[in-house]
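> build the 3D model from these lines:
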Amino acid sequence: MPVTPAFIADPTGFTSRLAVLVDEALIAGTSNAALAGLAGGPHALTTATFLVDFDFELYGNNCARLVVKPAGTAGATPCYFLPYKPDCGISMTLGAGADYFFTSTLTGCSVQALGARATPTVTHSNGRATYGTNLTAQTAAADVVASTAAQAVIDAMFPPAAGAPHVGYVRKADYLARLTPVNVQAARNRFRTAKRHHRVTNLAPAMYNNFKPEIGAFVFGVRTGADWTFYYQSTVAVTGTRHTGFLGFAVKHKPLISEEIVLGPAAQFYP
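All right, here's what the predicted structure looks like:
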């Protein structure tokens, strides 16, 4: 069931409560054609190609799914959508064609917003190959070294910012920094189950191969009047156990599956 009106009414409140999962499968053909053959960057996409539509749907009890749809989809809302390609910097200049902007999920990528608020250029940059080449071991220390190397490549694929009236960035270090005990505890306190009498214990950030948290970010923009403002939401996948039953009857203990939590309120990064 679409919950798009709830997002439109309060974008930052919505994204401070529900972890957003991006589903861009319905425009995959458009993205694949536009990104074919690209490497390095930045590469400017034709903005009109990615002036599409969207809806939000609830996904479980703690997440929402952003469904990106072809332009002209009945009942959907217009938006700009910026895809990504591994080892590329992909740019788009926004205008007045829609009041909302989204990009693919970040799991190590970075985003730059640059320029005048009425017509900012947004770039989604990725350094997957560099990260993989520099990850010499499955350890937290090796992850830092590989992430640092990848970030240098990512930053080199951003358009020059010198002289721009506004510039803002979201990097892995930014959304990883939101993984704090305070933010995790706040997410535990608001974590919802299918039924009120169910309980969850041992809720904790999920770790990829036991050496790095399964962290991510969702970047969105909102146009008010003629001006764009951009925000990001930091999320992490979680593990834990859900306990069903009531007053000792029909009690079952089930692991959490495909659950994520939001780490603090949505943060503005541009202007």
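
> pretty sure E214 is in contact with T235, am I right?
No. With contact defined as Cβ atoms under 8 Å, E214 does not count as touching T235 (9.0 Å). The way it works is simple: take the backbone N, C-alpha and C, and place the C-beta from them, glycine included.

> for the chain, what spans make up the helices?
Assigned by DSSP state H, the helices in the chain fall at 4-9, 11-17, 28-35, 128-134, 140-156, 172-177, 181-190.

> is it possible to get the ones you listed out as TSV so that each row also shows mean pLDDT and mean neighbour count?
Formatted as TSV, those follow (pLDDT from 0 to 100; neighbours: other Cβ atoms under 10 Å):
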stretch	mean pLDDT	mean neighbour count
helix 4-9	98	15
helix 11-17	97	18
helix 28-35	97	14
helix 128-134	97	16
helix 140-156	98	17
helix 172-177	98	18
helix 181-190	95	14
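
> G41: which of the ones you listed is closest?
Ranking the helices of the chain by proximity to G41 (Cβ to Cβ) places helix 140-156 first, at 8.9 Å.

> any common contacting residues for E214 and T235?
The contact sets of E214 and T235 do not overlap (Cβ atoms under 8 Å, 6 or more residues apart in numbering).

> looking at the protein, which helix or strand is least sure?
strand 253-255 (a mean of 80; mean pLDDT, DSSP states H and E).

> on contacts alone, who are the packing partners of that strand?
strand 227-243 (3 or more Cβ pairs under 8 Å, 6 or more residues apart in numbering; DSSP states H and E).

> strands paired with the strand it packs on, and their directions?
strand 199-205 (antiparallel), strand 215-224 (antiparallel), strand 253-255 (antiparallel), strand 260-262 (antiparallel), strand 267-270 (antiparallel) (DSSP bridges).

> show me how far the third one is from its chain's centre.
It refers to strand 253-255. Remark: strand 253-255 is offset 28 Å from the chain centroid, using Cα atoms, centre = their mean, to the nearest Å.

> swap in stretch 141-158?
19 Å.

> alpha carbons only: can I get that stretch in CSV?
This file holds the C-alpha atoms of stretch 141-158, laid out as CSV (Å, rounded to 0.1, in the frame of the first residue of the first chain):
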residue,chain,number,x,y,z
ALA,A,141,41.8,-2.2,9.9
ALA,A,142,42.0,-3.4,6.3
ASP,A,143,38.6,-2.0,5.7
VAL,A,144,39.8,1.5,6.8
VAL,A,145,42.8,1.2,4.4
ALA,A,146,40.7,0.1,1.5
SER,A,147,38.0,2.7,2.2
THR,A,148,40.6,5.5,2.3
ALA,A,149,42.0,4.4,-1.1
ALA,A,150,38.5,4.2,-2.6
GLN,A,151,37.6,7.6,-1.3
ALA,A,152,40.5,9.2,-3.0
VAL,A,153,39.3,7.7,-6.4
ILE,A,154,35.7,8.7,-5.6
ASP,A,155,36.6,12.3,-4.8
ALA,A,156,38.6,12.6,-8.1
MET,A,157,35.5,11.8,-10.0
PHE,A,158,33.5,14.8,-8.6
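
> quick one: low-confidence ranges for the stretch 1-150 of the chain?
Along the stretch 1-150 of the chain, the model assigns pLDDT under 70 to residues 1.

> need the strands for it, in chain order.
19-23, 40-44, 51-59, 63-69, 77-82, 88-93, 100-103, 110-114, 121-125 (DSSP state E, counting those that start in this stretch).

> could you say which one of those strands comes nearest to P265?
strand 19-23 (13.0 Å).

> so which residues make contact with that closest one?
56, 59, 62-68, 102, 104-105, 218, 220, 233, 235, 260-262.

> check stretch 102-109 too.
So stretch 102-109 is contacted by 21-22, 24, 54, 66, 68, 79-84, 111, 122, 124-128, 131, 147, 150, 154, 170, 172, 175, 215-221, 232 (Cβ under 8 Å, 6+ apart).
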